[in-house]
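A.B. asks: Sequence first, predicted coordinates after that:
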Amino acid sequence: MTPFFAMSLLFSLTFGQTAPLCAPSEYIIHVEKRECAYCLAINTTICAGFCMTRDSNGKKLLLKSALSQNVCTYKEMFYQTALIPGCPHHTIPYYSYPVAVSCKCGKCNTDYSDCVHEKVRTNYCTKPQKLCNM
């Protein structure tokens, strides 16, 4: 075995499993307002993927800060606003949503992320759908 091959193998075994797979990913958000005639399907980019976490078996022995796990979250983002079609004049027809530019593994920030793991909810429309490509 050549030294280069041995070093490459050692490097990949050491760091291959620990490299985070957290990256911007395409996602479709379905947005409805009760007063509006249509559901808007918005193509956007969110942060998704795997971040290394550690098993916290000693929950009773560790500080609460040591129990928090890293999540795939926004490093850079901006907000975009879409117009929901078919809304009456008395309704605000705008919906603002985040667009991920880059992502990182870090602590969940509740200012712009939902940090609670809930049951899987279906992302769908109950009204006629319009597509919004921004």
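C.D. replies: Yep, it's here.
A.B. asks: hey, where'd the helices end up in the protein?
C.D. replies: Applying DSSP state H to the chain gives helices spanning 3-15, 64-67.
A.B. asks: tell me the contacts of S25?
C.D. replies: T45, I46, C47, A48, G49, A100 (C-beta atoms under 8 Å, 6 or more residues apart in numbering). Every C-beta, even on glycine, is put in place using the N, C-alpha and C of the backbone.
A.B. asks: Surely the fifth one is in contact with P24?
C.D. replies: Just to be clear, that refers to G49. No. At 9.2 Å, G49 does not count as touching P24 under the criterion of C-beta atoms under 8 Å.
A.B. asks: Next, work out how far apart T44 and K104 are.
C.D. replies: Using C-beta to C-beta, to the nearest Å, one gets 18 Å for the distance from T44 to K104.
A.B. asks: ok, now E76?
C.D. replies: From E76 to K104 the distance is 9 Å (C-beta to C-beta).
A.B. asks: quick one: which of those two has more around it?
C.D. replies: Legend: neighbour count by other C-beta atoms under 10 Å for E76 and K104, higher for K104 (16 against 11).
A.B. asks: Tell me what that one is bridged to.
C.D. replies: T73 (DSSP bridges).
A.B. asks: so it touches C22, yeah?
C.D. replies: Yes. Under the criterion of C-beta under 8 Å, K104 makes contact with C22 at 6.6 Å.
A.B. asks: Name the residues contacting each of the two.
C.D. replies: Shared contacts of K104 and C22, counting by C-beta under 8 Å, 6+ apart, come down to C72, T73.
A.B. asks: pLDDT weak spots in the chain?
C.D. replies: Across the chain, the ranges flagged by pLDDT under 70 are 1-20, 54-68, 112-123, 131-134.
A.B. asks: Which parts of it are strands?
C.D. replies: 23-31, 39-48, 71-83, 94-106, 129-133 (DSSP state E).
A.B. asks: what angle separates the fourth one from strand 23-31?
C.D. replies: Using axes from the mean of the first three to the mean of the last three C-alpha atoms, to 10 degrees, the interaxial angle of strand 94-106 with respect to strand 23-31 works out to 150 degrees.
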